[in-house]
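**Q** with the sequence up front, the predicted model follows.
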Amino acid sequence: MSKPSFKLGIMGGTFNPIHQGHLVAAEFIWDKFKLEEVLFVPSGKPPHKGNNEIASPENRWMMTVLATASNEHFSVSSIEIERRGESYTRDTVLQLRQMYGEGTECFFITGADAIAEISTWHKTEDLPHLAKFIAVSRPGYKLDIKKIDPRFQKCTYLVEVPALAISSTQIRERIKKEQTIKYLVPEVVEKYIYKNNLYR
Ligand code: ATP
Ligand code: MG
């Protein structure tokens, strides 16, 4: 009998900052897919974003650690931050398979907006063989298999998660305008943002 493989969820993101939308999506996917662990991987220098308003990788990593600390099946990896330069999902998945063992079954979790852009990602030739993709619903974006790059349609699951119309962009804008962000992010993250004067 073959050993059951380790099922690893990978939640990539800028996490600028991490918010309840990320956490609820990761928790529901952990439960639905009976994953062993969900690993949050904050990006180094995100290829799709300019440098405007991006908190330092160290601050984004720290907020991700604080937000996930109380959940025993959540953890955080700094591999993309340590790699610096551009972050490519393929490199990350390959590196994690080496670290966790080649038999690891990787489930890459993305929102409906991010999966629709997968055709613009670089270095994706063998990605459909390296990981399965889970596209979660997100308010404002249509979750439609036809909208996904055909090469990824066979290895992508579409999953409805509780709708939280929260984005990091909205949180940064609210902080600038001195509006409350209470309950949009975990309290520890809110305190960290104010203590370190982020996004002002
Ligand atoms: P920004 O506004 O800066 O782009 P964001 O809120 O989209 O921030 P990201 O770090 O870009 O957050 O997202 C990381 C991943 O989480 C992406 O796959 C994204 O689609 C998904 N995601 C973000 N917010 C939600 C949400 N509210 N519901 C479901 N998925 C989400
Ligand atoms: Mg985003």
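**A** Structure received. Ligands and ions are numbered 1, 2, ... in the order given.
**Q** need the residues that contact the helix or strand that contains G21.
**A** G21 is part of helix 20-32, with elements assigned from DSSP states H and E. Residues outside helix 20-32 that contact it (C-beta atoms under 8 Å, 6 or more residues apart in numbering): 9, 11, 13, 15, 35, 37-38, 40, 67-68, 71, 73-74, 107, 109, 111, 134, 136, 138, 159, 161-162, 164, 166-167, 183-186. Just so you know, the C-beta spots here come from the backbone N, C-alpha and C atoms, and that holds for glycine as well.
**Q** what about ligand 1: which of the residues you listed touch it?
**A** Residues of these in contact with ligand 1 (C-beta under 6 Å from any ligand atom): G13, F15, G111, V136, R138, L164, I166, S167.
**Q** ok so, going back, mind saving the C-alpha coords of the helix holding G21 as CSV?
**A** Output of helix 20-32 as CSV, limited to C-alpha atoms (Å, rounded to 0.1, in the frame of the first residue of the first chain):
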residue,chain,number,x,y,z
GLN,A,20,-9.6,38.4,6.9
GLY,A,21,-10.4,37.6,3.3
HIS,A,22,-7.1,35.7,2.9
LEU,A,23,-7.5,33.9,6.3
VAL,A,24,-11.1,32.8,5.7
ALA,A,25,-10.2,31.5,2.2
ALA,A,26,-7.2,29.5,3.5
GLU,A,27,-9.2,28.0,6.4
PHE,A,28,-12.1,26.9,4.3
ILE,A,29,-9.9,25.3,1.7
TRP,A,30,-7.9,23.6,4.4
ASP,A,31,-11.1,22.1,5.7
LYS,A,32,-12.7,21.2,2.3
